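Enquirer: Predicted model follows, preceded by the sequence.
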Amino acid sequence: MMTTPADARTSSTDPIVITGCGWVTPLGDTLDGVWKRMLNAQSGAAAIRGFDASTFPTTFAAEVDPGWSPSGLKHPKLHETAGRHTRFALGAASRAWEQSGLDGFDGLDRERLGLYLGAGEGTIDLEHYVSTTLAAWDADAGAVDARAWAAEALRQFDADREVEQEPNMPLTHLALEFGAMGPASNCLTACAASTQAIGEACAVLARGEADVMLSGGAHTMIHPFGVTGFNRLTALSNRNDSPETASRPFSADRDGFVMGEGAGILVLERRSHAEAREAEILAEIGGYGATADAYRITDIHPEGRGAAAAMRQALEMAGLEPAGVDWIAAHGTGTKENDSIETRAIKSVFAGADGADLAAVPPVSSIKSMLGHLIAAAGAVQAIACVLAIRDGVLPPTANLTTPGPECDLDYVPNEARRKPVTAALSNSFGFGGQNNTLLIRSAQSG
């Protein structure tokens, strides 16, 4: 009998496991180095160095060092023109690949090595676009002269630079670097993208369409166009006098998120494949939920119905009751709307029918309080944090939380990491426009 995609997504006969993790973040690019800084509640936010932001309402972000570049690539010449987001993806993927042990594995069929990313765009070439438009401006006509614009664009624009800023390019470069000739997809569902990519990569594996998938995301919006857009949406914190304390998820005085950038990549495979090559299994993807709010592009549904449904789906796929979850890695952006509604959604799933049994809700924390919001890459980095929480039995804190907001009444692990055995963690990602995705990540021994 043919297996349908739905059957494959819910099959637990050969679980999908994680055998490698890598990230590039504002706190660094080594797995344990970044984790240690997170557990110490260190912030990656500082004044923007990548461009002059002195006249912007928000003058800070959580940047990867502007001079950072990936090391240890096998085919560096193929990536000489790679954009910033692509370089993040290459660096994260190289570390995940190394940890997975695939580098020395001769039995990998490259036609069954796939990619599923949730990558966003790279640095926009705004300077040349603006100068081209200004040079082609016809003051008498009060309009841009199209012929003059095209001629000036031909002179100023660089073909590689224009192509490399696109969100599909990390996928292209990873395929080149690793010789991946299997299924290849990229989704860009805003802040939910890389969580969605991981969930969909698991479905590809479960359907038997690949043996190994590289999945995750990469993004940077720390450029004039990106910062301007979020400033106009009034979504960014304006605490220019204290960047390191500006990201305040669940706090009464939160005033917006802190822009971040980076990448997170995981190596995923079926357990049978990992065991056959004697790979170390780090954790298991037990469940995945994907929903849409069907509400408004600019607002989350006030009751968090889409978010709650995604969490329930992930639990159902994993065959786990809410009481079996030890930690929730919250989307936790630090905006007024997100944090209160995410809290409401969590309570609707974990705190009983009336949402009153707060003791039944597991600890919740937001790593965005330290890393900033990595947008499309945020979910993958959060998933890696779940793997490390399971490995070490410790919960990262929500930094900068002294007085929770009146509607934020859960245990958010304020300011200090907490020792706690973790066998199962939920990781939430909610995208602008109403996309909701949740992963249930659990100990490989508990599945």
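Expert: Yep, it's here. Here the structure is a predicted model, which means the values were calculated and not measured. Residues are numbered from 1 along each chain as shown.

Enquirer: Run a quick neighbour tally on R95.
Expert: Neighbour count of R95, defined by other C-beta atoms under 10 Å: 22. In short, each C-beta sits where N, CA and C put it, glycine included.

Enquirer: what's the spacing between the nearest residue to it once chain neighbours are set aside and F88?
Expert: Spatial nearest neighbour of R95, chain neighbours left out: G22 (3.1 Å); criterion: C-beta to C-beta, 6 or more residues apart in numbering. Using C-beta to C-beta, to the nearest Å, G22 is found at 10 Å from F88.

Enquirer: and if you look at T189?
Expert: Counting by C-beta to C-beta, the gap from T189 to F88 is 19 Å.

Enquirer: Domain parsing of this structure, as residue ranges.
Expert: 15-124+165-442, 126-161 (automatic domain parsing).

Enquirer: quick one: which helix or strand includes the residue positioned nearest the centre of the chain?
Expert: Centroid-nearest residue in the chain: A378, 2.2 Å away (criterion: C-alpha atoms, centre = their mean). In this assignment (DSSP states H and E), A378 forms part of helix 378-392.

Enquirer: Can I get that helix as PDB, trimmed to CA atoms?
Expert: Presented in PDB, the C-alpha positions along helix 378-392 are these (Å, rounded to 0.1, in the frame of the first residue of the first chain):
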ATOM      1  CA  ALA A 378      15.500  32.100  14.700                       C
ATOM      2  CA  GLY A 379      13.700  28.800  14.800                       C
ATOM      3  CA  ALA A 380      16.600  26.700  13.900                       C
ATOM      4  CA  VAL A 381      18.900  28.300  16.400                       C
ATOM      5  CA  GLN A 382      16.100  27.800  19.000                       C
ATOM      6  CA  ALA A 383      15.900  24.100  18.000                       C
ATOM      7  CA  ILE A 384      19.600  23.700  18.700                       C
ATOM      8  CA  ALA A 385      19.100  25.300  22.100                       C
ATOM      9  CA  CYS A 386      16.600  22.600  22.800                       C
ATOM     10  CA  VAL A 387      19.100  19.900  21.800                       C
ATOM     11  CA  LEU A 388      21.600  21.400  24.200                       C
ATOM     12  CA  ALA A 389      19.100  21.800  27.000                       C
ATOM     13  CA  ILE A 390      18.300  18.000  26.700                       C
ATOM     14  CA  ARG A 391      22.000  17.200  26.600                       C
ATOM     15  CA  ASP A 392      23.000  19.200  29.700                       C
END
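
Enquirer: What are the buried residues along stretch 144-160?
Expert: W149, E152, A153 (16 or more other C-beta atoms under 10 Å).

Enquirer: Helices - which of those land there?
Expert: W149, E152, A153 (DSSP state H).

Enquirer: Compile those residues into CSV and extend it with columns for pLDDT and distance to D299.
Expert: Output for these, formatted as CSV (pLDDT from 0 to 100; distance: C-beta to C-beta, whole Å):
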residue, pLDDT, distance to D299
W149, 96, 37
E152, 96, 40
A153, 95, 37
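
Enquirer: Which of these lies at the shortest distance from I124?
Expert: A153 (14.7 Å; C-beta to C-beta).

Enquirer: which ones are touching that closest one?
Expert: Applying C-beta atoms under 8 Å, 6 or more residues apart in numbering, we find A153 in contact with T132.

Enquirer: Thank you, goodbye.
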